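1. I'd like to go over a predicted model; first the sequence, then the structure.
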Amino acid sequence: MKFFSKHKILIISAFILLGILGLSPIGSTVRRYTGILLARLSVSAKEDLKLSGEAYTWQLADAQTKPFGFESVKGQVVFLNFWATWCKPCIKEMPEIQKLYDDYGSKVTFLLVTQEDTKKVRSFLERRELELPIYYSQAEIPDEIASKTLPTTYIIDKEGTIKIAESGPRAWNSSQYRRLLDELIK
């Protein structure tokens, strides 16, 4: 008679592995990189996805809390960024976005969307000397552009197709993104 069957060995091995992943320093590193990978895969899968008409029913409010319908950006090139004042990667990329906005703000619609309190956001922008078009989501974010990761940024062409879907901070003022925007605004 066997002391351990194959089934019991598999169960014990699984518990040991879960214990290592849950309690050791190696586990926290594995969880972090797994989370980053899964977030990137879910966001990157949205590239070349054409937004549905339902996505354009999304309601926001501008920095002065006036209603703003996402449908008003239909037919425009859109730089859509989800961010928060407490998000270190968001803060890291803000100066890059500011530089890009300074040069492309009249040709591309920039929407920097947050769920935070307007006073907190206003104070944050003033302290950092940022002048960006901030919006507040007033309804559930459409599935096509929803993400569990901050920051998440989409560049959407005039036909409503997501050309870039990125999570995490990026060098948005780089020649790569400028070339893409130049192409899209032609």
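-> Sure thing, it's come through.
2. residue boundaries of the helices in the chain?
-> Here the chain has its helices, by DSSP state H, at 6-23, 25-44, 88-104, 118-127, 175-185.
3. Any idea which helix or strand in the chain has the lowest mean pLDDT?
-> Between all helices and strands in the chain, the lowest mean by mean pLDDT, DSSP states H and E belongs to helix 25-44, at a mean of 55.
4. Where among the helices of the chain is average confidence lowest?
-> For those, the weakest mean pLDDT is recorded on helix 25-44, namely a mean of 55.
5. Find the centremost residue of the chain, please.
-> For the chain, the residue sitting closest to the mean C-alpha position, by Cα atoms, centre = their mean, is residue 152 at 1.0 Å.
6. How about that one: which residues does it bridge to?
-> residue 82, residue 167 (DSSP bridges).
7. doesn't residue 170 make contact with it?
-> No: using Cβ atoms under 8 Å, residue 152 is not in contact with residue 170; the gap is 10.5 Å. For glycine as for every other residue, the C-beta is placed from the backbone atoms N, C-alpha and C.
8. Please parse this structure into its domains.
-> The chain resolves into domains spanning 6-39, 46-185 when parsed by automatic domain parsing.
9. Give me whichever of those is most buried.
-> domain 46-185 (a mean of 16; mean count of other Cβ atoms under 10 Å).
10. if I pick residue 68, what's in contact with it?
-> Contact partners of residue 68, counting by Cβ atoms under 8 Å, 6 or more residues apart in numbering, are 59-62, 135.
11. and it, how far is that from residue 157?
-> 20 Å (Cβ to Cβ, to the nearest Å).
12. gap between the closest residue to residue 104 other than its chain neighbours and residue 175?
-> Excluding its sequence neighbours, the residue lying closest to residue 104 (Cβ to Cβ, 6 or more residues apart in numbering) is residue 181, at 5.6 Å. Distance, residue 181 to residue 175, by Cβ to Cβ: 11 Å.
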